[in-house]
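S.K.: could you look at this predicted model? Sequence included:
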Amino acid sequence: MWTRLRAAISRVAFAWSRRRLDDEAAREIDDHIDLLTARYVRQGMSHEDARSAARRQFGNVTIVREEIHEANGIGLLEHAARDLQYGFRQLRGSPGFTLVVAATLGLGIGGTTAVFSVVEAVLLKPLPYEEPGELVRFYQQTPGRPDTQGVLAGTHFTFLREHATAFDDVAAAANYSETGVDLATADGRVERLRVLRVSSGYFSTLQADPAPGRGFDRDDETGARRVVLSDRVWRAFYGADASVVGTTIVLSGEHYEVAGIAPRGF
Amino acid sequence: MGPQHGYGIARRIEQVSGDLLKLNEGTVYTALLRLQHQRWISTSWGTSENNRRAKFYAITAAGRHQLAREVDSWDRLAGVITRLRTAGGS
């Protein structure tokens, strides 16, 4: 283990000066054969015979040089680099094929990424509320039709609120009637805003209490016209001025009292 | 016998082993390289008998240590073989 590791480190180090080492090895081999030849010549052989005898005794020069070259390198990496180079050359040689492959890969990866982004946002990422795992939503089911998810009638909501003691809080949102209203700004412009009609306890149920100001309480359910502004609207139209809380604004020609400002991002 | 170049090592092997061990002398160089990678030998430049610059190989302290271990292990193995041969008779 240690032996191999040491050899590997050494090979990396030797790989830096590989060309020089290869040249040195080549010279060593040449000298070796020359010395052997000289020895056989001294023993009375002709130069030619001596040379071939020396070569025989040395063995295959090419293989020895190749082995030295391989041993002074990081074989696997180098092979990978060479394969990569070869691959690029091949791809450049057939641009049509390359284009198709690249497009296929691009579409495949892009599509998968897009789908995953949706899945992530819809299924995997927790809801942006405190303790999203404890939030439940009630639906009304048509008897014998387990696939239906109807909205609850108002009376059902008040019944749930009175009797569903397992929950900290129960609130209703008129989801199906999410509509727009026109906000008349101070400088005379009119902006279209989205509104959601909610019951009292909406903000406390989601643990997103407005600040400054407050959410809605039961007293507001007597027909009081009160709104909670989103943080974005508050900043865009009222310059994040806390004194807007308690004042009256005009939405679609009707007067509403600003009860509070929802937390940022809500 | 001090630092030797590859040719000298090949001659020494030839001389010591008699004609019993005939090796392709090229393998000396690949073996020397493997020993270098283990830092068991070091190299330096010197002049060979035909007055050329040549690489000389010398054993290092780590190399001596390793050699002692290898010799030890070989002797033990050879001893066991000998004992087995003697016990088995011939």
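M.R.: That came in fine, so what should we check first?
S.K.: contacts and neighbour counts: CA atoms only from here.
M.R.: Will do.
S.K.: in chain B, which residue sits nearest chain A?
M.R.: residue B:25 (4.4 Å; CA to the nearest CA).
S.K.: OK, contacts around residue A:171?
M.R.: With contacts defined as CA atoms under 8 Å, 6 or more residues apart in numbering or on different chains, residue A:171 is in contact with A:157, A:161, A:198-202, A:205.
S.K.: which one of the residues you listed is nearest to chain B?
M.R.: residue A:205 (71.1 Å).
S.K.: what about the closest residue to the closest one other than its chain neighbours, how many neighbours?
M.R.: In space, and not counting its chain neighbours, residue A:205 is closest to residue A:169: 5.1 Å by CA to CA, 6 or more residues apart in numbering or on different chains. Counted with other CA atoms under 10 Å in any protein chain shown, residues neighbouring residue A:169 total 17.
S.K.: and residue A:169, what pLDDT?
M.R.: Looking at residue A:169, its pLDDT is 79.
S.K.: helix, strand, or coil at it?
M.R.: Put simply, residue A:169 is coil when judged by DSSP: H, G, I helix; E, B strand; the rest coil.
S.K.: residue contacts, the residue of chain A found nearest chain B?
M.R.: At 4.4 Å from chain B, residue A:58 is the closest residue in chain A, using CA to the nearest CA. Contacts for residue A:58 (CA under 8 Å, 6+ apart) come out as A:33, B:24-26.
S.K.: pull the most distant pair out of those.
M.R.: A:33 and B:24 (11.7 Å; CA to CA).
S.K.: the more surrounded of the two?
M.R.: Between residue A:33 and residue B:24, counting by other CA under 10 Å, residue A:33 is the more crowded of the two (25 against 16).
S.K.: so which residues on the stretch 51-200 of chain A come close to chain B?
M.R.: Counting by CA under 8 Å from any CA of the partner chain, the stretch 51-200 of chain A comes close to chain B at A:56-61, A:64, A:67-68, A:71.
S.K.: so what does residue B:38 have for phi and psi?
M.R.: Torsion angles at residue B:38 (phi, psi; degrees, to the nearest 10) stand at phi -90, psi 0.
S.K.: how much space separates it from residue A:157?
M.R.: 81 Å (CA to CA, to the nearest Å).
S.K.: of the two, who's got more company?
M.R.: residue B:38 (23 against 17).
S.K.: wait, doesn't the more buried one sit right on residue A:3?
M.R.: Yes - here residue B:38 lies in contact with residue A:3, judged by CA atoms under 8 Å, at a distance of 6.8 Å.
S.K.: on that earlier part again, mind giving me the ChimeraX command for buried ones among the residues of the stretch 51-200 of chain A next to chain B?
M.R.: Filtering these down to the buried ones (16 or more other CA atoms under 10 Å in any protein chain shown) takes a single ChimeraX command:
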select /A:57,58,61,64,68,71
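S.K.: inside strands: which ones of the residues of the stretch 51-200 of chain A next to chain B?
M.R.: Within those, no residue falls in strands by DSSP state E.
S.K.: okay, the residues of the stretch 51-200 of chain A next to chain B in CSV with pLDDT and distance to residue A:138 next?
M.R.: As requested, those are arranged in CSV below (pLDDT from 0 to 100; distance: CA to CA, whole Å):
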residue, pLDDT, distance to residue A:138
A:56, 90, 92
A:57, 89, 93
A:58, 90, 90
A:59, 89, 87
A:60, 89, 85
A:61, 89, 85
A:64, 88, 81
A:67, 87, 76
A:68, 86, 77
A:71, 81, 72
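S.K.: would you say residue B:42 is within a strand?
M.R.: Yes - the assignment for residue B:42 (three-state DSSP) places it in a strand.
S.K.: so where is the chain shaky, pLDDT-wise?
M.R.: In the absence of a named chain, this looks at chain A. Within chain A, the ranges that satisfy pLDDT under 70 run A:1, A:74-76, A:175-179, A:186.
S.K.: my question was about chain B, not that one.
M.R.: In chain B (pLDDT under 70), the answer is B:89-90.
S.K.: mind listing residues that contact the helix or strand containing residue A:35?
M.R.: Per DSSP states H and E: residue A:35 is located in helix A:18-42. Here helix A:18-42 makes contact (CA under 8 Å, 6+ apart) with A:14, A:47, A:50-51, A:53-55, A:58, A:61, A:65, A:68-69, A:72-73, B:6-7, B:26, B:50, B:54-55.
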